[in-house]
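1. Sequence unavailable; structure follows:
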């Protein structure tokens, strides 16, 4: 059976914005156009949806109709496992899931091939459980007990549906290890797509540092802001918005500029002109890190997670070993001592190995090979 003759369906957790996981779905619909995309809920603008899904039909679950879904979808977390199991995929031969939460738990049968691109096992149910509870003020009291029980059962459900997946792909070696630890399964590493053509190289830099992110606790923008507040002679621009914005602004010095959420050419320009990009999160991969490199901008990053696979210390940036203000300050000082050693054109060329075309070629080959084994 040719892959063009195989009936396919895509399942993604949800569309809450145009971020890294949505870019994977964008590539899947580039490879396999007009394939229906199933999500728990869809909050994309019409423009964003056209980019991600093109002509593909988007099918949502009953979660889409629940009140308050736009502003606080996580309160419905207990319903997510049940909701994803309600998708009737029985008419499809090939199920392609893009999962960072519950998508991999869709119901399939023995005649169907299920291939999962795993961004991570559910972070707040596994390795970030205690951090998630603390940041949500759910580490004590009755509501805290309720939250812990819910996460306990989500872990049981998540582990129990592993065999619904025939093959895993991981977005980094970091996640490959996590998949093996949590699910006991091997996976193929295929780095996520980066639009290096959009993030073109700029050799002339301005005198500012840049960080860009959703302003949520685990991104640790607060540490970056505090570090630069302690270095008032250095300018930092923060791109992004989120629940931590007010708190971070309150404790930030006058040398820190908040420009809010930026996208498209505006974001590209900020990245192109920055002397360095600062990244303090323990991230599964870190697409923005590679976007900065593509702009010819070196990166100062926390030495953990997927960043360890994209940033070579002293060659494409400077790595620091602790999520602390002092560690970031020391890394900035180290960078300034070596600043002239970083060549923008070399950084940009290095980033091309993560280009979207590379992802789509590898993803397509993996799926095609597995289909040939399964259906022939």
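-> Cool, the structure landed. Not measured: the values here are computed from a predicted model.

2. Mind listing residues that contact stretch 175-182?
-> The contact list for stretch 175-182, computed with CB atoms under 8 Å, 6 or more residues apart in numbering, reads 118-121, 126-127, 158-159, 168, 170, 185-187, 189, 284-285, 306. Where C-beta positions appear, they are placed from N, C-alpha and C, glycine not excepted.

3. Grab the nearest non-local neighbour of residue 279.
-> residue 301 (4.1 Å; CB to CB, 6 or more residues apart in numbering).

4. so residue 8 makes contact with residue 31?
-> No - counting by CB atoms under 8 Å, residue 31 is not a contact partner of residue 8; they are 9.9 Å apart.

5. And those two? Which one has more around it.
-> Applying other CB atoms under 10 Å to residue 8 and residue 31 shows that residue 8 carries more neighbours, namely 20 against 17.

6. How many neighbouring residues does residue 56 have?
-> Around residue 56 there are 18 other residues, counting by other CB under 10 Å.

7. Distance check, residue 72 against residue 151.
-> According to CB to CB, to the nearest Å, residue 72 and residue 151 sit 17 Å apart.

8. ok, back up a step: direction included, what does the helix or strand containing the residue nearest to residue 279 pair against?
-> Under the criterion DSSP states H and E, the helix or strand holding residue 301 is strand 299-302. Applying DSSP bridges to the sheet, strand 299-302 is found paired with strand 276-279 (parallel), strand 317-320 (parallel).

9. as a whole number, average confidence for it?
-> For strand 299-302, mean pLDDT rounds to 98.

10. gap between that strand and the chain center?
-> 17 Å (CA atoms, centre = their mean, to the nearest Å).

11. one step back: which of the strands paired with strand 299-302 sits most buried?
-> strand 276-279 (a mean of 26; mean count of other CB atoms under 10 Å).

12. Mean confidence (pLDDT) on that one, please.
-> 98.

13. Show me what it is in contact with.
-> 209-212, 224, 236, 271, 286, 288-289, 292, 297-302, 307, 317, 328, 332, 335, 339.

14. now swap in stretch 262-270 and tell me
-> 18, 198-200, 210, 212, 237, 239-240, 259, 295.

15. go again using 6 Å as the cut-off
-> 199, 210, 239 (CB atoms under 6 Å, 6 or more residues apart in numbering).

16. Next one, pLDDT for residue 128 please.
-> pLDDT at residue 128 comes out at 67.

17. do residue 5 as well
-> 87.

18. burial of it, as a residue count?
-> Residue 5, neighbours per other CB under 10 Å, totals 8.

19. Next: residue 311.
-> 25.

20. Nearest residue to it in space, please, no chain neighbours.
-> Nearest one to residue 311, counting by CB to CB, 6+ apart, is residue 317 at 4.6 Å.

21. Name the residues linked to the one you found by a beta bridge.
-> residue 299, residue 313.

22. Pretty sure it sits against residue 298.
-> Yes - counting by CB atoms under 6 Å, residue 298 is a contact partner of residue 317 at 4.7 Å.

23. picking up where we left off before, residue 39 is nearest to which of the strands paired with strand 299-302?
-> Nearest to residue 39 among those is strand 276-279 (28.0 Å), distances taken as CB to CB.

24. roughly how far out does that closest one sit from the chain middle?
-> In terms of CA atoms, centre = their mean, the centre of strand 276-279 is found 17 Å from the chain centre.

25. got it, and stretch 301-312?
-> Going by CA atoms, centre = their mean, where stretch 301-312 is centred and where its chain is centred differ by 14 Å.

26. State the number of residues packed around residue 121.
-> 22.

27. one step back: using JSON lines, lay out the strands paired with strand 299-302 together with distance to residue 101.
-> JSON lines is the format used below for those (distance: least, CB to CB, whole Å):
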{"stretch": "strand 276-279", "distance to residue 101": "23"}
{"stretch": "strand 317-320", "distance to residue 101": "29"}
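
28. Out of these, which gets nearest to residue 100?
-> strand 276-279 (19.0 Å).

29. Quick one: list the elements packing against the helix or strand just after the closest one.
-> The helix or strand immediately downstream of strand 276-279 is helix 287-294, counting by DSSP H and E. Helix 287-294 sits against helix 344-351, with contacts defined as 3 or more CB pairs under 6 Å, 6 or more residues apart in numbering; DSSP states H and E.

30. So which elements touch the helix it packs on?
-> helix 287-294.

31. for the record, mean pLDDT for the helix it packs on?
-> Average pLDDT, helix 287-294: 96.

32. which other residues reach it?
-> 20, 194, 196, 199, 212, 271, 277, 279, 299, 307, 310, 316, 347-348, 351, 354.

33. repeat for stretch 346-365
-> 27, 31, 190-191, 193-196, 201, 290, 293-294, 296, 316.

34. Among the residues you listed, which lie within helices?
-> 27, 31, 290, 293-294 (DSSP state H).

35. nearest spatial neighbour of residue 273, skipping sequence neighbours?
-> Here the residue nearest residue 273, using CB to CB, 6+ apart, is residue 206, at 4.4 Å.

36. Just confirm that neighbour is within a strand.
-> No - with DSSP: H, G, I helix; E, B strand; the rest coil as the criterion, residue 206 is located in coil rather than a strand.

37. Quick check, it in contact with residue 271.
-> No - using CB under 6 Å, residue 206 is not in contact with residue 271; the gap is 11.4 Å.

38. So for these two, which residue has more residues nearby?
-> Comparing residue 206 with residue 271 by neighbour count (other CB under 10 Å), the higher total belongs to residue 271, at 24 against 13.
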